[in-house]
Structures are given as structure tokens and as C-alpha cells.
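**Student:** sharing a model that was predicted from the sequence below.
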Amino acid sequence: MGTTDWRTVNPSGDRRVVVTKELPGDRWLQLLTRAGYRVDVCTSSRILGPEEIAAALQPGCVAAIGQLTESWDAALLATLKQAGGVMYSNYAVGFDNVDVAAASALGLPVGNTPGVLTETTAELAVALTLAVARRIAEGDRYMREGRFNGWLPTLLLGELLYRKTLGIIGAGRTGTTYARMLVEGHKMDLVYYDVLPNEALEDYLADYGGFLEAHGEQPVHCRRAESIEDLLRAADVVSLHAVLDASTQHLIDAARLAQMKEHAVLINASRGPLIDEAALVEHCRAHPHFRAGLDVYEDEPALKPGLAELDNVVLVPHLGSATSWTRENMAALAATNVVAVLNGWPVWDGPDVRPFLADPSPQAAPSILNAEILNLPTVTDTSIDDRALRRRTA
Ligand SMILES: NC(=O)c1ccc[n+]([C@@H]2O[C@H](COP(=O)([O-])OP(=O)(O)OC[C@H]3O[C@@H](n4cnc5c(N)ncnc54)[C@H](O)[C@@H]3O)[C@@H](O)[C@H]2O)c1
């Protein structure tokens, strides 16, 4: 471990936890130091390579909190295990950077941080949608370049969202929340594609349509698309919210871009490889009225040649979860996963992590991806709530 890029907190702690980036807030660090651990934190903003991380794990690291920018593959997880590691905690809800099967084979629980990114990421996707549809980034550049010489009837015309059709691919936590923000805010019809039906979303929007009608307004409609092509042909805005795996790699390629409307908006705040980015560059060049908004990139942090030169594309640097509230709570959840596994506490079996955002939080691991395969004990939502309540009032 290089000395310049690392700081040690609580050096006399009995067990060593490695954290590969500085995390926001201070609750995560309090959780780890209060549990009696020595914490080694990498202070560099550089993305660490596997050799650097492997070196930091030696000697005697019991757990690591790592980043989505690092590949926690079988070799690195084996190094963690060899160093004395008993778990790996990912500072993200997505876990495509972790070989969970390899971790399970090594007997290492893998933590992630669901539940505190959903609204934040959905809001970023909405922000990108509006920025792209209404050409906000182009307008900003136009002003800064001193090109604004007065209002014109034809200046930077964009797309109206109101009463248009929204398409989401992946109707999980983020996709559903994003869809509700735009359907309720802009009265858009929704068409969604997911490998699983989302009846709760369909029921909610059917009720919402009834509510609008009861108030003398046109209802909104929601349907599950028969295929991705069906969705692409119907939607004015298409937003990607599926997980990245073998089934979603290059889910949007040249052939599917060709199915989309001439004035369509494409948003990606999921994972970069869902889009064939070279094909997107070609499509945006050939179709100036087509617009895209990207938070994530195929070769992140690199951009495919030509992308940065396109005026009909808005680019932001993977900001989906970038609010202080979310990032601080992600840190607390990642630290709680560590403390819980090291203490042998059960795994939380409930959809809502809110009890973990308060202090003291329940004696459980908020989210362990391979809990079932490792046969870890679980504790139900209700019993956790009761216990947390008892401790708070004690
Ligand atoms: N930009 C960011 O900063 C940011 C923040 C949070 C999450 N994410 C990414 O967004 C993704 C979605 O997050 P989430 O919390 O909504 O996850 P989620 O698991 O709740 O939802 C994912 C959905 O994708 C669906 N799906 C799986 N395979 C599919 C396929 N082949 N086609 C269509 N749908 C498919 C699933 O059925 C599920 O409904 C995560 O995997 C994560 O990588 C990005």
C-alpha cells in the first residue's frame, strides 16, 4: 500500500477495513470506527487498478468497500479472501463490476446499496430528458459564446413532452419512478418493456388515468410492449433502466436506432454498454433531429470518437446518484453491510431500507446480494422495525 494516497483512521483498531475511495459524510466512518475497526481509505481520485487494490488488501484485510469503477473479478476476490477477507461491500446499487458467482464460490457475501438511489437517479434522468428535449446545453453554449442577438421565432426549437408517449426499457425501481415523474408531470402515455410485467405500475397508472378523467381531463394510458421494437416505434422519449448483463449488452444497436422516430429522445442513466455507442454516434450524425442524453458510457470514462462533437447529444459524467443525501446514505449502507457481516448479524429481508438511515440502525445487513446462495440467516421487515423502535425508545 503506497503511503501518500492512503489515510488510516483508528490505527489501533482490531480488524482492518479497506475503503478504495473517500466517501461523503462521516456516518459511514463512525459506523466502522465505533465497531472497533482500523480503516484504510484511499485519498486519491485516481481509479485504482487491480494490482493497487490487491496490494492494499495485504496484510490482514477483513472487508473492503469498493467502487463501481473497479473490477472485483474472481482474482481480486480471491486475493481479498486470502488476505483474511470475509466480505466485499460494493458502493453502488448496480453490481455488474462484481463477479458475484465467484464471491459465492469463495463464501464471500457481497453487499450493495439499494433503496437510496432510486428517486435521485430518476430525477437525473428527468433532468437529462428535459435538457435534451429543450436543448438546454446548446442554449447555454449559445449564450456563453455571445451569439444571442435577440428572440427569434425559429431559435433552438425543441420537443414538447406534454401528452407525448414515453417508453421505458426496464420497469424496476428507477424506471418506474422516472416514468411516474413524467407521466404525472407531463401527462405522457407510457409504454414499457421489461422481461417481467409490472402490474403495480399498470394498476397505478390506470387509477391515475381514472383520476384525471374524474377531473374532466384526458386520461393517460399505460401498456407493456410486446417487443423492444414495438416500444421504439411508439415512443417519443425512450429511457433505459434495465440492468447490465449479457441480455442487455448493446440492447440499443444500429438496427434498433433505425426503428426510432426521427424526432425521438434517447436517455441512458443505467449502464453505458446498453447502447452501441459507435452506432449512436453514426445515428446522431445522420439524424440531426434525433437527440440523446447520456449519463453513462460504453468505455467509461472514455467517449467513443465523435460523440463529444455532436450538438444533438447532452453528456454528463455519471451523476445519476450524485446528491449528498444519496451518496452519504449509500456510504452508511455500505459500512453497515460490513459491520453486520463481521458481527454475524442476519440479512434484512424487506424492500425498504429506511430504518438503516437513522441512528442507531437495526442490527442487520441492509442488502447482501448472495445471501440466499450462502444460506445466510434473514430477518423480516417487521421484526427489524420492532427492534429498531425498541432500541430508539429504550
Ligand atoms: N446512472 C447512475 O448513477 C445509476 C444509479 C442507480 C442505478 N443505475 C443503474 O440502473 C440500473 C437499474 O437500477 P434499478 O435500481 O432500477 O434496478 P432494478 O433491478 O430495480 O430494475 C432493473 C429492471 O431491469 C429489468 N430487466 C432485466 N433484464 C432485462 C432485459 N433484458 N430487458 C428489459 N428489462 C430487463 C428487470 O426485470 C428490472 O425490472 C442498475 O442496474 C444500475 O446499474 C445507474
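**Tutor:** Great, that's in hand. Remember, it's a predicted structure, so these values are computed and weren't measured experimentally. Numbers count the residues shown, from 1 in each chain.
**Student:** skipping adjacent residues, who's closest to the closest residue to the ligand within the chain in space?
**Tutor:** Nearest to the ligand in the chain, going by C-beta to the nearest ligand atom, is G172, at a distance of 1.8 Å. Placement of C-beta: from N, CA and C, glycine included. Using C-beta to C-beta, 6 or more residues apart in numbering and skipping residues adjacent in sequence, the residue nearest G172 is H241, 6.4 Å away.
**Student:** wait, doesn't F356 sit right on T336?
**Tutor:** Yes - counting by C-beta atoms under 8 Å, F356 does reach T336; the two are 5.7 Å apart.
**Student:** pLDDT of stretch 157-170, averaged?
**Tutor:** Stretch 157-170 shows a mean pLDDT of 98.
**Student:** G167 is in contact with the residue nearest to G172, correct?
**Tutor:** No - assessed by C-beta under 8 Å, H241 is found out of contact with G167, at 10.8 Å.
**Student:** G60 against G84, yeah?
**Tutor:** Yes - G60 is within contact range of G84, at 4.9 Å (criterion: C-beta under 8 Å).
**Student:** which of the two has more residues huddled nearby?
**Tutor:** G84 (15 against 11; other C-beta atoms under 10 Å).
**Student:** distance from the chain centre to stretch 101-114, please.
**Tutor:** Counting by C-alpha atoms, centre = their mean, to the nearest Å, stretch 101-114 is centred 18 Å from the centre of its parent chain.
**Student:** next, the buried residues of that stretch.
**Tutor:** 102-104, 106, 108-114 (16 or more other C-beta atoms under 10 Å).
**Student:** gap between the two ends of that stretch?
**Tutor:** One end of stretch 101-114 to the other measures 19 Å (C-alpha to C-alpha, to the nearest Å).
**Student:** picking that back up, please name the residues that touch the residue nearest to G172.
**Tutor:** H241 is in contact with 125, 168-172, 174-175, 178, 269-270, counting by C-beta atoms under 8 Å, 6 or more residues apart in numbering.
**Student:** and the closest residue in space to L376 that isn't next to it in sequence, what does it touch?
**Tutor:** Once flanking residues are discounted, L376 sits nearest to V347: 5.1 Å by C-beta to C-beta, 6+ apart. V347 makes contact with 340, 364-365, 367-368, 371, 376-379, according to C-beta under 8 Å, 6+ apart.
**Student:** now, which of these lie within helices?
**Tutor:** Applying DSSP state H to these, the entries found in helices are A340.
**Student:** how about a markdown table for the buried residues of stretch 101-114, with secondary structure and pLDDT added?
**Tutor:** Shown next, in a markdown table, are the buried residues of stretch 101-114 (DSSP: H, G, I helix; E, B strand; the rest coil; pLDDT from 0 to 100):
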| residue | secondary structure | pLDDT |
| --- | --- | --- |
| A102 | helix | 98 |
| A103 | helix | 98 |
| S104 | helix | 98 |
| L106 | helix | 98 |
| L108 | coil | 98 |
| P109 | coil | 98 |
| V110 | strand | 98 |
| G111 | strand | 98 |
| N112 | coil | 97 |
| T113 | coil | 97 |
| P114 | coil | 95 |
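**Student:** thought R38 was touching V19?
**Tutor:** No - R38 is beyond contact range of V19, at 11.1 Å (criterion: C-beta under 8 Å).
**Student:** now do the SS call for S239.
**Tutor:** strand (DSSP: H, G, I helix; E, B strand; the rest coil).
**Student:** dump the residue contacts of it.
**Tutor:** By C-beta under 8 Å, 6+ apart, the residues touching S239 are 125, 129, 166-169, 175, 178, 266-269.
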